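Colleague: Mind folding the following:
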Amino acid sequence: MLLSLHRLGGWCIERLQGLVFLAWTMARSFYVRTFGCQMNEHDSEQLEALLSADGLVRAPDLQSADVVVLNTCCIRENADNRFYGHLGHLKSLSEAKPGMQIAVGGCLAQREGEALLERAGHIDVVFGTHNLERLPQLLKKAALSGPVVEVLDARDRVLEPEGLPGHDPAVNELAAAASHDALGALAARRVPYAAWITIQRGCDNSCAFCTVPQVRGPEVSRPFDVLVAEARALAGQGVTEVTLLGQNVNSYGRDITRRRPLFADLLRAIGAVEGIRRVRFTSPHPKDLRPETIAAMAETDAVCEHLHLPLQSGSNRVLGAMHRGYTAQRYLEKVAAARDAIPDLALTTDIIVGFPSETESDFEDTLAVVAEAGYDSAYTFVFSPRPGTAAASMTGSFVPDEVVADRFARLVEVVDRSGISRHRARIGQIEEVLVEGPSKRNADVWTGRTRQGKLVHFSPSFASGPARGPGGQPARGPGGQPGGQPAGGPGSQSNVWPSPATSGDLGLHRGLRPGSYATVQVTDAAPHHLVGYLRELVALPADAGGEVRRPGSEPGGRARPVGVAPEPSGSPEGSVAVGRRLIPVRVG
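Modeller: Okay, here's the model as predicted:
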């Protein structure tokens with residue numbers, strides 16, 4: 001009798017759990033808010049894919065969601081502050097919406113763990129960077145038994161989910177297989193034509209200011225063949241641009257071979273995948289930028305002419321205190337080697353101002369390196385002490401806030417001067433852009449990215465008048481005339497083509513859509529973007545087979561451009577260099 005009652009009780013509990021899970025998935029929606037870097041953005045794509053596979057649908061905004069996921073960052077203090085402000089706002093929202101769940105993951109969750117729940121009792125799930133695939137199960141567990149905290153060490157990854165009653169076996173199987181490799185192929189991409197590929201997780205460096213090794217663990221490279229297969233699969237889905245992600249991409253594969261990195265080999269292999277037109281990567285470490293990587297960049301057509309190489313400081317003394325592993329001179333030598341090998345290379349960087357004990361002389365060294373390097377742009381940061389890092393304990397050497405503010409302003413001035421100089425040098429050139437779509441500020445202006453990663457605002461139609469910036473003001477060319485026409489006319493040395501206002505509507509904008517490739521005539525420049533007008537629609541987005549469709553092309557024959565702007569009399573015929581390709585500028 002007792003055994004029968006026990007069995008009956010177990011059956012009732014199981015049925016109740018099943019009903020809870022059924023109710024949990026019915027018509028529920030989710031919203032993922034991401035703080036931090038591209039790695040976090042890609043992790044969020046994977047989280048969205050897992051939740052969608054579990055039967056939830058994406059909500060249009062945070063307020064209407066049943067499940068809110070905050071994917072956090074802890075690299076800088078302002079990221080912490082933004083997250084906690086957001087979390088405070090969610091408290092009142094969750095109180096007004098019974099049944100709403102809040103999950104917090106990512107780097108800050110990995111660092112804080114239980115402390116997050118103690119600080120904010122309205123959180124339902126806390127998970128870290130090593131168990132992303134567990135989120136659907138953790139949400140269900142919290143719905144049954146209350147708040148859950150599961151933050152794992154990198155060595156304790158849970159690869160098998162709990163058997164949960166009422167759970168779709170296919171989703172259980174998906175989660176069970178969700179190692180780094182399986183998760184890598186999971187992503188709810190925001191755009192169909194571009195994708196991230198995580199090639200490694202974690203970091204083996206010990207930079208004094210950085211918390212990444214604590215929250216991401218040691219370097220773990222994903223298998224070479226898996227990454228190439230993932231790139232092929234993405235190309236088959238219509239992706240034409242991939243960005244390889246890692247905390248230190250240069251050292252990719254060292255943990256596989258136990259001797260030398262495989263990053264240069266990976267660049268060549270992914271660059272050879274049919275359908276992939278552009279390969280980007282971030283971020284390399286200067287000490288690990290090897291000659292074979294530079295050679296692979298130079299010799300692989302698909303690899304874009306852009307190198308993001310974090311400097312952090314131009315002072316050898318400060319670089320030593322940061323444990324960066326290189327000197328300013330060695331850094332500049334590597335920059336020179338890259339520029340010698342890769343024509344028209346764009347160079348960007350990261351720089352920290354106010355690292356503990358930084359003197360005025362140290363800062364002047366940084367300004368000198370920045371000026372010599374001639375960056376296209378830079379991410380500049382004020383030093384932020386992160387708990388658990390070596391630099392956080394250097395409190396007696398912290399630089400006064402007012403000194404840091406002054407140095408920061410001076411650095412930005414030097415960086416912007418370099419950026420606008422390099423951008424102005426591109427006025428008159430024809431750039432290949434991957435079209436992103438209409439500008440959010442001005443629907444009459446479209447945006448795209450060059451192979452160098454530069455943002456371009458351009459007029460999509462030859463009937464729309466002079467090219468205008470996103471604020472609606474006419475662009476001005478090197479001679480100060482609207483529409484990019486130099487003061488000297490078509491025969492001037494700048495060789496800028498006529499304003500689109502004089503060219504007539506050739507209908508080049510018809511068929512233009514996000515994911516297209518086009519060429520744009522650059523007519524103006526600002527520190528952080530270029531301005532121009534459409535010259536030629538080169539290729540439409542790829543189809544599911546990974547082939548680029550070009551209207552007018554014959555099977556097995558040479559593709560014709562969709563359309564080109566007319567040349568002024570006396571202008572050169574033939575081709576212009578776009579990246580490493582020759583793009584026709586006239587149709588015979």
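Colleague: any idea of the pLDDT on residue 187?
Modeller: pLDDT for residue 187: 70.
Colleague: Please disregard the earlier target; I meant residue 164.
Modeller: Note on residue 164: pLDDT of 36.
Colleague: Repeat that for the one 4 residues further on.
Modeller: Looking at residue 168, its pLDDT is 43.
Colleague: Could you double-check that residue 418 lies in contact with residue 374?
Modeller: Yes: taking CB atoms under 8 Å as the definition, residue 418 is a contact partner of residue 374 at 5.2 Å. No exception for glycine: its C-beta is placed from N, CA and C like everyone else's.
Colleague: Distance of residue 59 relative to residue 400?
Modeller: Distance from residue 59 to residue 400, counting by CB to CB, to the nearest Å: 45 Å.
Colleague: re the thing from before, name the residue in residue 418 and residue 374 with the higher neighbour count.
Modeller: Per other CB atoms under 10 Å, whichever of residue 418 and residue 374 has more neighbours is residue 418, with 21 against 14.
Colleague: Where does the prediction get shaky in this structure?
Modeller: For the chain, the stretches with pLDDT under 70 are 1-26, 154-186, 462-510, 542-588.
Colleague: Residue ranges of each domain in the chain, please.
Modeller: What automatic domain parsing lists as the domains of the chain is 2-180, 193-424, 426-588.
Colleague: Turn those domains into CSV, columns for distance to residue 187.
Modeller: Converted to CSV, the domains of the chain look like this (distance: least, CB to CB, whole Å):
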stretch, distance to residue 187
domain 2-180, 4
domain 193-424, 7
domain 426-588, 16
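Colleague: who's in contact with the helix or strand hosting residue 85?
Modeller: Element membership for residue 85, per DSSP states H and E: helix 77-96. Helix 77-96 has contacts (CB atoms under 8 Å, 6 or more residues apart in numbering) with 33, 35-36, 62-63, 68, 70, 72-74, 100, 102, 104, 108, 120, 122-123, 384-386.
Colleague: let's see 10 Å
Modeller: Identification of contacts with helix 77-96 by CB atoms under 10 Å, 6 or more residues apart in numbering yields 33, 35-37, 40, 62-63, 65, 68, 70-74, 76, 97, 100-102, 104, 106-109, 111-112, 116, 119-124, 381-387.
Colleague: Show me how far the helix or strand harbouring residue 348 is from its chain's centre.
Modeller: Residue 348 belongs to strand 346-353 when elements are defined using DSSP H and E. Chain-centre distance of strand 346-353: 16 Å, with CA atoms, centre = their mean, to the nearest Å.
Colleague: Kindly format the C-alpha coordinates of it as PDB.
Modeller: Extracted in PDB, the C-alpha atoms of strand 346-353 (Å, rounded to 0.1, in the frame of the first residue of the first chain):
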ATOM      1  CA  ALA A 346      43.900  50.000 -42.500                       C
ATOM      2  CA  LEU A 347      45.200  50.000 -38.900                       C
ATOM      3  CA  THR A 348      43.100  50.300 -35.800                       C
ATOM      4  CA  THR A 349      44.000  49.800 -32.100                       C
ATOM      5  CA  ASP A 350      43.000  50.000 -28.400                       C
ATOM      6  CA  ILE A 351      44.700  52.400 -26.000                       C
ATOM      7  CA  ILE A 352      44.400  52.700 -22.200                       C
ATOM      8  CA  VAL A 353      44.900  56.100 -20.600                       C
END
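Colleague: buried ones in that strand?
Modeller: Buried residues in strand 346-353, counted by 16 or more other CB atoms under 10 Å: 346, 347, 348, 349, 351, 352, 353.
Colleague: Need those in CSV (columns: distance to residue 271).
Modeller: What follows is those, written out as CSV (distance: CB to CB, whole Å):
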residue, distance to residue 271
346, 18
347, 20
348, 20
349, 24
351, 29
352, 32
353, 36
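Colleague: for the closest residue in space to residue 48 that isn't next to it in sequence, phi and psi?
Modeller: Closest residue in space to residue 48, ignoring its immediate chain neighbours: residue 188 at 3.7 Å, by CB to CB, 6 or more residues apart in numbering. Main-chain dihedrals, residue 188, degrees, to the nearest 10: phi -90, psi 80.
Colleague: Now do the contacts for residue 188.
Modeller: For residue 188, the contact set (CB under 10 Å, 6+ apart) comprises 32, 44, 45, 46, 47, 48, 49, 50, 51, 52, 53, 58.
Colleague: Tell me how far it lies from residue 294.
Modeller: 35 Å.
Colleague: what's the span of stretch 102-117, first residue to last?
Modeller: 11 Å (CA to CA, to the nearest Å).
Colleague: what do you get for stretch 189-205?
Modeller: With CA to CA, one end of stretch 189-205 sits 30 Å from the other.
Colleague: Stretch 424-431 now?
Modeller: With CA to CA applied, stretch 424-431 spans 13 Å between its terminal residues.
Colleague: What residues of that stretch count as buried?
Modeller: Within stretch 424-431, the residues that count as buried by 16+ other CB under 10 Å are 424, 426, 427, 428, 429, 430, 431.
Colleague: Find the pair from those with maximum spatial separation.
Modeller: Greatest spatial distance in the buried residues of stretch 424-431: 424 and 430, 15.9 Å, computed using CB to CB.
Colleague: For the stretch 201-350 of the chain, which segments count as strands?
Modeller: In the stretch 201-350 of the chain, strands defined by DSSP state E, counting those that start in this stretch lie at 220-221, 241-245, 278-282, 306-308, 346-353, listed in chain order.
Colleague: Which one of the ones you listed lies nearest to residue 229?
Modeller: Proximity of the strands of the stretch 201-350 of the chain to residue 229 was assessed by CB to CB; the nearest stretch is strand 241-245, lying at 12.7 Å.
Colleague: Give me the helices and strands touching the closest one, please.
Modeller: helix 38-53, strand 194-198, strand 200-201, helix 224-236, helix 263-271, strand 278-282 (3 or more CB pairs under 10 Å, 6 or more residues apart in numbering; DSSP states H and E).
Colleague: Give me the packing partners of the last one, helices and strands only.
Modeller: Contacts of strand 278-282 with other secondary structure elements, assessed using 3+ CB pairs under 10 Å, 6+ apart, are made with strand 194-198, strand 241-245, helix 263-271, helix 291-299, strand 306-308.
Colleague: Give me the residues contacting the shortest one.
Modeller: When you say that, I think you mean strand 306-308. With contacts defined as CB under 10 Å, 6+ apart, strand 306-308 is touched by 249, 278, 280-284, 289, 293-294, 297, 334-335, 338-339, 342, 344-350, 375-379, 449-454.
Colleague: The helix holding residue 85 versus helix 38-53: what angle between them?
Modeller: Angle, helix 77-96 to helix 38-53, by axes from the mean of the first three to the mean of the last three CA atoms, to 10 degrees: 20 degrees.
Colleague: just checking, next helix/strand downstream of helix 77-96?
Modeller: Using DSSP H and E, the helix or strand that follows helix 77-96 in sequence is strand 101-106.
Colleague: And the next helix or strand after that following strand, what's buried?
Modeller: For strand 101-106, the succeeding helix or strand toward the C-terminus, using DSSP H and E, is helix 107-112. For helix 107-112, the neighbour count (16+ other CB under 10 Å) marks 107, 108, 109, 110, 111, 112 as buried.
Colleague: measure residue 240 to residue 198 for me?
Modeller: Look at residue 240 and residue 198: by CB to CB, they are 19 Å apart.
Colleague: who's more crowded, the two?
Modeller: Set residue 240 next to residue 198 and count neighbours by other CB under 10 Å: residue 240 wins out with 24 against 21.
Colleague: In contact with the more buried one: list those residues for me.
Modeller: 192-195, 234, 275-278, 302, 434, 515-517, 539, 541-542, 546, 548.
Colleague: Since that was my last question, I'll sign off now.
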